[in-house]
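S.K.: sharing a sequence plus its predicted fold:
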Amino acid sequence: MVEKCVFYSSSEEETIRIGEELGKSLKPGTIIGLNGELGTGKTVFVKGIARGLNTQEEPNSPTFVIMNKYEGRIPLYHFDLYRISSAEELEVIGYEDYFYGNGVTVVEWSDRVKEIFPDKTIKVEITIPVEPDDKAETIRQINLEGQDIWLSSFKNTVEQASQL
């Protein structure tokens, strides 16, 4: 069964911290579809996931190379599909080897090729929930959708970490 939950972040560091807690909870074979407009913090969120996976490098946007790999507790495959227009383009680079391998796959702009994602994909959407002004500029709404048992456990973990 699929569940949804919402988190709010008021800073880049808080977005990283939520991503880090997510990264700590992930297992090999996990696929995350990450969406949001330009500048909402998708890559910032991936930096947090990388921290949670204990990667050695800090991720940056792979926009021009489509995918970057980072070694950690579990390998992280970070895709950016901003410049991709079809699933066929991904087949050429062998995306299935990454999606169904031993790592964690995070795909920015996953809505561009929805048809390639399995049902078990964790969906994350980051939005700016209010009209931009000086104060609201840094607020982000992070919507997660995933299997109910996992998501419930993850939500409790993030709430506990937020109280520290």
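M.R.: Great, that's in hand.

S.K.: for this protein, what spans make up the strands?
M.R.: Per DSSP state E, the chain carries strands over the ranges 2-9, 31-35, 67-70, 76-80, 104-108, 122-127, 140-147.

S.K.: which residues does residue 41 contact?
M.R.: With contact taken as CB atoms under 8 Å, 6 or more residues apart in numbering, residue 41 is in contact with 9, 12, 15, 126, 140. (C-beta placed from N, C-alpha, C; glycine too.)

S.K.: brain fart, residue 126
M.R.: Residues in contact with residue 126 (CB under 8 Å, 6+ apart) are 15, 34, 35, 36, 40, 41, 42, 45, 140, 141, 142, 143.

S.K.: for the last one, name its beta-bridge partners.
M.R.: In this case it means residue 143. With DSSP bridges as the criterion, residue 143 is bridged to residue 6, residue 125.

S.K.: can I assume it is in contact with residue 6?
M.R.: Yes: with contacts counted by CB atoms under 8 Å, residue 143 reaches residue 6, the gap being 5.4 Å.

S.K.: more crowded one of these two?
M.R.: Shown here are residue 143 and residue 6; by other CB atoms under 10 Å, residue 143 has more neighbours (15 against 12).

S.K.: now the helices for this protein?
M.R.: For the chain, the helices defined by DSSP state H cover 12-25, 42-52, 87-92, 95-99, 148-162.

S.K.: so what touches the third one?
M.R.: This points to helix 87-92. 81, 84, 113, 115, 116.

S.K.: of those residues - the most surrounded one?
M.R.: residue 81 (25 neighbours).

S.K.: and the pLDDT for the nearest residue to that one once chain neighbours are set aside?
M.R.: Distances taken as CB to CB, 6 or more residues apart in numbering place residue 109 nearest to residue 81, at 4.2 Å, with adjacent residues excluded. On pLDDT, residue 109 comes in at 95.

S.K.: so residue 109 touches residue 78, yeah?
M.R.: No: at 11.8 Å, residue 109 does not count as touching residue 78 under the criterion of CB under 8 Å.

S.K.: ok, residue 103 to residue 20 distance?
M.R.: Look at residue 103 and residue 20: by CB to CB, to the nearest Å, they are 17 Å apart.

S.K.: more neighbours: which of the two?
M.R.: The residue with more neighbours, out of residue 103 and residue 20, is residue 103; 24 against 20, by other CB under 10 Å.
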